[in-house]
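[1] Pasting the sequence and the predicted coordinates here, then a few questions.
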Amino acid sequence: MCQSKPTGGRRPARPRPPTPTHVYVPDTFDQHVHLPGHLHRHADCARYFLHRVVWGRVQRRLTLDQYVPVKFDYLRSVIPDRVVKPLKLALLDAGVVECDGQYVEGEKALGYRLRPPHSAARIVRTRLSDGATADKVRANRRAEFKRIRLDVHRHLLGQYRRLEIDLPLALHLLEGDPDFEVNKIPPQQIAERDWSFSVCRYGRVHTDLTRCPRAVRPALRVDGLPLIEIDVANSQPLFLALLLINHRRQGNKTFGYVTFPEKRTNPYSKIDEIVSRTIIHFSQREENTITPLPPLSITTRMGCDEEEKCLEKPVLVARDNDTDTSRAYQDILKQDEICFIQLCENGGLYEDFMDRLELPVRMWVKAQFFEVIYGDNRSRSPLKADFAEVFPNVAEVVRVHKRKDHGFLPRLMQNIEANFVINTVCRRLMKELPEAPVLTIHDCVLTTPPYEDAIAGVMREEFARLGLHPTFHIKRHGGTPQPEQRGQS
């Protein structure tokens with residue numbers, strides 16, 4: 001009896017089993033209790049809906065009444081259209097969620113939040129068992145990673161994947177947190193290596209690290225080493241100062257922010273190109289010459305977003321020489337604007353408000369200042385009145401940028417911050433120190449002890465290229481707390 005011989009070649013590889021897909025839901029949800037019989041087979045769709053509500057809380061995308069806007073497009077990418085409405089109605093009728101009933105086409109989706117007892121229940125990481133639903137969720141998450149195209153973003157993603165966490169310690173550090181069940185999710189994501197990485201429309205990088213509460217940072221490690229946190233004092237006011245400088249140099253013109261659409265190759269470089277054509281360099285002022293600005297095309301409205309990258313010569317002088325600073329700015333900035341910039345450099349802006357207004361808590365002052373620069377122009381507060389009195393011209397620039405939409409200035413500031421931190425500092429580190437751990441939390445950079453001096457030095461140099469010499473706060477996690485360190489003047 002002859003046996004057939006193998007045809008040769010390699011045996012075809014077995015297909016890999018799909019990666020388990022998990023969502024976060026309250027442990028009180030029971031499909032047999034909270035869904036009618038005909039919807040039991042869509043239980044994983046219900047879990048995904050609840051996950052969107054929980055995840056909105058993790059991302060802090062909440063209304064004032066703590067509702068999470070849930071876009072229909074997010075749901076229909078996973079849940080069949082014919083199931084979305086009956087599923088939501090079933091969860092509403094069962095008292096699992098409640099809806100705010102507020103919908104504004106093109107502006108706000110219906111908001112949902114968990115109802116008691118589900119709102120106080122444990123949030124558990126749950127594996128989806130329905131293959132079709134899990135496949136759609138995985139496809140959505142893969143699509144997020146496919147949108148990461150810029151080399152600097154891919155580099156940061158690689159660095160982020162080096163991150164480790166001592167989860168028991170992180171959970172211990174969160175004990176007593178009123179939002180423990182929500183705030184434990186980002187550390188769990190890092191521990192499970194279930195990475196989340198995205199770039200928002202305004203250039204900011206968002207990860208589970210950016211969503212982690214500050215309290216868990218001592219539990220984070222890279223290559224077994226604790227992290228060093230390099231933070232710029234008064235960073236948001238300092239980026240406002242950069243906007244102020246550019247606003248004055250461009251003849252008090254207000255430019256728009258730049259968004260990051262999926263098909264654009266590198267919005268950062270486009271901004272840099274625009275700014276490079278509209279900057280008057282410091283050397284030209286030293287020679288007491290005035291070079292007229294080139295004509296502004298419609299694209300130049302992006303100009304103020306990313307001025308940091310393009311300045312090759314300093315504009316501000318060292319902060320220990322106020323006379324020279326005043327002379328450098330006498331043709332551009334007014335005296336209160338110079339004073340504002342110097343306070344930002346010294347890291348003493350909030351303390352200046354505290355002394356004048358006799359406010360005892362720095363965080364209160366910081367929150368009120370953010371309300372002044374990011375809130376509606378019609379709002380009133382003692383700090384806003386003091387700001388307008390002491391820094392009248394700075395306050396006017398803030399007001400002008402919020403004249404039509406008070407959300408305009410925050411988006412513009414995110415552009416400025418993202419270009420400096422991501423496209424300037426991180427891009428340079430990618431080229432010069434590719435092996436260095438670099439993790440960002442918006443305007444803050446984290447690394448490990450061996451690279452502390454090198455990375456802090458790069459940040460100082462890049463600020464100095466703009467003529468700014470800010471104060472740096474350096475915090476060492478996982479060891480004995482160290483005193484704050486000042487940036488070089």
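    Good, I have the coordinates.
[2] C-alpha coordinates for stretch 150-167, PDB please?
    Taking C-alpha atoms only, stretch 150-167 is exported to PDB below (Å, rounded to 0.1, in the frame of the first residue of the first chain):
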ATOM      1  CA  LEU A 150       4.900  61.100  11.700                       C
ATOM      2  CA  ASP A 151       8.400  59.800  12.600                       C
ATOM      3  CA  VAL A 152       8.400  61.700  15.900                       C
ATOM      4  CA  HIS A 153       5.100  60.200  16.900                       C
ATOM      5  CA  ARG A 154       6.200  56.700  16.000                       C
ATOM      6  CA  HIS A 155       9.400  57.200  18.000                       C
ATOM      7  CA  LEU A 156       7.300  58.400  21.000                       C
ATOM      8  CA  LEU A 157       5.100  55.300  20.600                       C
ATOM      9  CA  GLY A 158       8.200  53.100  20.700                       C
ATOM     10  CA  GLN A 159       9.400  54.900  23.900                       C
ATOM     11  CA  TYR A 160       5.900  54.600  25.400                       C
ATOM     12  CA  ARG A 161       5.900  50.800  24.900                       C
ATOM     13  CA  ARG A 162       9.000  50.600  27.100                       C
ATOM     14  CA  LEU A 163       6.900  51.800  30.100                       C
ATOM     15  CA  GLU A 164       6.400  49.500  33.000                       C
ATOM     16  CA  ILE A 165       4.300  49.900  36.200                       C
ATOM     17  CA  ASP A 166       4.200  48.300  39.600                       C
ATOM     18  CA  LEU A 167       0.400  47.900  39.600                       C
END
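[3] Can you give the contact residues for it?
    Residues outside stretch 150-167 that contact it (Cβ atoms under 8 Å, 6 or more residues apart in numbering): 145, 148, 187-188, 190-191, 193, 195, 197, 199, 205, 207, 209, 216, 219-224, 266, 268, 422-423, 426-427, 430, 434, 437-440. Yep, even glycine has a C-beta here, placed from its N, CA and C like the rest.
[4] what do you get for stretch 368-375?
    236-237, 240, 349-350, 353, 379, 381, 383-384, 387, 395, 398, 406, 409-410.
[5] For PyMOL, what selects the buried ones among those?
    Listed next is the PyMOL selection for buried residues among the contacts of stretch 368-375, using 16 or more other Cβ atoms under 10 Å:
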select buried, resi 236+237+240+349+350+353+383+384+387+395+398+406+409+410
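[6] Mind checking which of the contacts of stretch 368-375 land in helices?
    In this view, the contacts of stretch 368-375 that belong to helices under DSSP state H are 236-237, 240, 349-350, 353, 383-384, 387, 395, 398, 409-410.
[7] so which of these comes closest to Ala454?
    Gln236 (25.4 Å; Cβ to Cβ).
[8] What residues does the closest one make contact with?
    Gln236 neighbours (Cβ under 8 Å, 6+ apart): 370, 373, 413, 417, 443.
[9] Swap in 10 Å and give it another go.
    By Cβ atoms under 10 Å, 6 or more residues apart in numbering, the contact set of Gln236 is 344, 349, 366, 369-370, 373-374, 410, 413, 416-417, 442-443.
[10] domain assignment for the chain?
    For the chain, automatic domain parsing gives the domain ranges 18-135, 225-489.
[11] If you rank every helix and strand of the protein by mean pLDDT, what lands last?
    helix 282-286 (a mean of 29; mean pLDDT, DSSP states H and E).
[12] Around the residue nearest to His32 when sequence neighbours are not counted, how many other residues sit close by?
    Nearest residue to His32, sequence neighbours excluded (Cβ to Cβ, 6 or more residues apart in numbering): His40, at 7.1 Å. When counting by other Cβ atoms under 10 Å, one arrives at 11 neighbours for His40.
[13] ditto for Phe197
    20.
[14] from memory it sits against Arg204, does it?
    No - counting by Cβ atoms under 10 Å, Phe197 stays clear of Arg204, with 11.8 Å between them.
[15] what sits in contact with each of the two?
    Common neighbours of Phe197 and Arg204 (Cβ under 10 Å, 6+ apart) are Thr210.
[16] need the contact list for Pro434.
    Counting by Cβ under 10 Å, 6+ apart, Pro434 makes contact with 155, 158-159.
[17] Please, which helix or strand holds it?
    Here Pro434 sits in a region with no helix or strand, counting by DSSP states H and E.
[18] What of Ile373?
    Counting by DSSP H and E, Ile373 is found in helix 362-374.
[19] Show the average pLDDT along that helix.
    Per-residue pLDDT values over helix 362-374 give a mean of 92.
[20] Now it: buried residues?
    365-366, 368-369, 372-374.
[21] Which of the contacts of stretch 368-375 lies at the shortest distance from Ser129?
    The closest of those, once distances to Ser129 are taken by Cβ to Cβ, is Pro410, at 41.3 Å.
[22] any low-confidence regions in the stretch 1-150 of the chain?
    1-17 (pLDDT under 70).
[23] quick one, strands of it?
    In the stretch 1-150 of the chain, the strands defined using DSSP state E, counting those that start in this stretch lie at 22-26, 68-69, 97-99, 111-114, 123-127.
[24] Would you reformat those strands as CSV and include distance to Val33?
    Shown next, in CSV, are the strands of the stretch 1-150 of the chain (distance: least, Cβ to Cβ, whole Å):
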stretch, distance to Val33
strand 22-26, 13
strand 68-69, 23
strand 97-99, 14
strand 111-114, 15
strand 123-127, 16
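[25] could you dump the ones you listed to CSV with mean neighbour count?
    Shown next, in CSV, are the strands of the stretch 1-150 of the chain (neighbours: other Cβ atoms under 10 Å):
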stretch, mean neighbour count
strand 22-26, 22
strand 68-69, 22
strand 97-99, 18
strand 111-114, 22
strand 123-127, 16
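[26] picking that back up, so which of the ones in helices among the contacts of stretch 368-375 is the closest to Pro69?
    Pro410 (17.7 Å).
[27] The closest one against Lys402, yeah?
    Yes - Pro410 is in contact with Lys402 according to Cβ under 10 Å; the separation is 9.1 Å.
[28] For Val232, which of the strands of the stretch 1-150 of the chain is the nearest?
    Closest approach to Val232 among the strands of the stretch 1-150 of the chain is made by strand 68-69 (31.4 Å; Cβ to Cβ).
[29] Residues contacting that closest one, please?
    Outside strand 68-69, the residues that touch it by Cβ under 10 Å, 6+ apart are 52-63, 97, 100, 102-104, 107-114.
[30] from those, which would you call buried?
    Neighbour-count burial within the contacts of strand 68-69 applies to 52-58, 97, 100, 109-114; the criterion is 16+ other Cβ under 10 Å.
[31] So which of the residues you listed is the closest to Val137?
    Distances from Val137 to those, taken by Cβ to Cβ, are shortest for Arg52, at 10.7 Å.
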